[in-house]
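Asks: model the following, please.
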Amino acid sequence: MNEEQPPRRIGSLEDRNAIVESALDKAIRRGDFDDLPGLGKPLSGLHNSEDPDWWVKAKMDQEDMSGVAPAAFQLRKENAVLEDTLDAFSREADVRSYLAGFNDRVRDAIMDLREGPPVFTPPRKVEDEVAAWRRRRAAKPAPTPNPPPTPTTGQGEEREHPRRWWQRKRS
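Replies: Sure, this is the predicted structure:
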């Protein structure tokens, strides 16, 4: 007689562990774990850190992820260094484009009420910021190119070309 038995109810933790161990043993015998990537290699970062989120940080480094803070914090940080960021641009069109993107991110963060702290960073007035950028740029002294020093031979006479490292006298 081949009567079907109802599925066995798992009552205790020991029963669950026995079922899992049995399934793992069968999978090992079948060879399901033979060609896994990283076979025989230790898990990196497992024992050398007291940080409970070490694996999250490792994954973020592996995926080259950054900027995962809430938008309010990112915008506040970006707002604090906005003038320095704008001063790095050499064209007004780039300044305007960056400010437009900044203002869009601020508006999006204000409208997104799903999570995170409230956004207190105000949008910047593009014309005011461009005028301030122009003033800072005009006040900054223009870089003067320094002429390269003229190499000498040691007796006060100038040489045409500098002496290379392999041409130096050995003493």
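Asks: from here on, contacts and neighbour counts on C-alpha atoms
Replies: OK.
Asks: put the alpha carbons of the host helix or strand of residue 23 into CSV.
Replies: Element membership of residue 23, judged by DSSP states H and E, is helix 13-30. The C-alpha coordinates for helix 13-30 follow below in CSV (Å, rounded to 0.1, in the frame of the first residue of the first chain):
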residue,chain,number,x,y,z
LEU,A,13,13.5,24.2,16.5
GLU,A,14,15.3,20.8,16.5
ASP,A,15,12.9,19.5,13.8
ARG,A,16,13.6,22.6,11.6
ASN,A,17,17.4,22.2,12.1
ALA,A,18,17.2,18.5,11.2
ILE,A,19,15.3,19.3,8.0
VAL,A,20,17.7,22.0,7.0
GLU,A,21,20.7,19.9,7.7
SER,A,22,19.2,17.0,5.6
ALA,A,23,18.5,19.3,2.7
LEU,A,24,22.1,20.7,2.9
ASP,A,25,23.6,17.2,3.0
LYS,A,26,21.5,16.2,-0.1
ALA,A,27,22.6,19.3,-2.0
ILE,A,28,26.3,18.7,-1.1
ARG,A,29,26.0,15.1,-2.4
ARG,A,30,24.4,16.3,-5.6
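Asks: in the next helix or strand after it, which residues are buried?
Replies: Beyond helix 13-30 on the C-terminal side, the first helix or strand identified by DSSP H and E is helix 54-62. Across helix 54-62, burial judged by 16 or more other Cα atoms under 10 Å covers residue 54.
Asks: pLDDT of whatever helix or strand comes next after helix 54-62, averaged?
Replies: Proceeding N to C from helix 54-62, the next assigned helix or strand is helix 71-80, under DSSP H and E. What helix 71-80 shows for mean pLDDT is 87.
Asks: got it, and stretch 124-143?
Replies: Average pLDDT, stretch 124-143: 89.
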